Structure formats: C-alpha cells, structure tokens
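J.: Here is the input, now give the coordinates:
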Amino acid sequence: MDGKQYLLEKPLKADFAIVKAAKADKYGNGFAPGSSKNFNVAMAMAAEHVIMEAEEIVEPGGLDPEKVTFPCVFINTLVQVSKPAKGGK
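T.: From the prediction side, this is the model:
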C-alpha cells in the first residue's frame, strides 16, 4: 500500500467458545474478574456459538451494569457451575 509492505493478521475465528464468568444474569450478561478478561471476551466476540459458565446466576437487574464484561448479545448458552473447592479439588 503506497509503496510499503504490511503484515496482515487474520482475525480470530472459532465455531465454539467456552467462557467463564463469576456472576451472570439470566439474560447472559456476565462479569469476569481480573485476568480472566484477557482472551475470554475476544473469543466471545469471535465465535459462532458461545457457552458461558457462571458460578452464580442472578435475576435481571442483579448485576451491576458497570461490571458487565460479557454483554448478552455474544452469549448463546448459559450454564451454572459450582465453585471449585478450596485447594482446587
């Protein structure tokens, strides 16, 4: 382009993505704390079908809108999972 060479990186693409949220509402809006935001959000936007596992699912309005990491438009399936036991077992 204009006499210069550029390196083109193709965008991420996936058929499925499984992401984890600490808390989500029943619509699929989710909150992911700390470093779990790194690639989870990017993959949620890149995948055709996104499965979100959440430790806690609350009623709509029960999640602070300022903390929404995953907007519900990217989430296709919401699954509640139990919190891991202390010590990771």
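
J.: use CA for all of it now, contacts and neighbours both
T.: OK.

J.: who's in contact with the helix or strand of the chain with the lowest mean pLDDT?
T.: Among the helical and strand segments of the chain, the one scoring lowest on mean pLDDT, DSSP states H and E is helix 37-46, with a mean of 88. Helix 37-46 is contacted by residues 12, 13, 14, 17, 18, 19, 20, 50, 69, 70, 74, 75 when judged by CA atoms under 8 Å, 6 or more residues apart in numbering.

J.: Nearest residue to residue 30 in space, please, no chain neighbours.
T.: residue 24 (4.1 Å; CA to CA, 6 or more residues apart in numbering).

J.: Tell me how far that neighbour lies from residue 41.
T.: Separation of residue 24 from residue 41 (CA to CA, to the nearest Å): 14 Å.

J.: So, low pLDDT: which residues of this protein?
T.: Residues of the chain meeting the criterion pLDDT under 70: 87-89.

J.: Give the buried residues for stretch 80-88.
T.: residue 80 (16 or more other CA atoms under 10 Å).

J.: which residues sit against that stretch?
T.: 53, 54, 55, 56, 57.

J.: residues touching the fourth one, list them.
T.: Residue 56 makes contact with 22, 23, 24, 80, 81, according to CA under 8 Å, 6+ apart.
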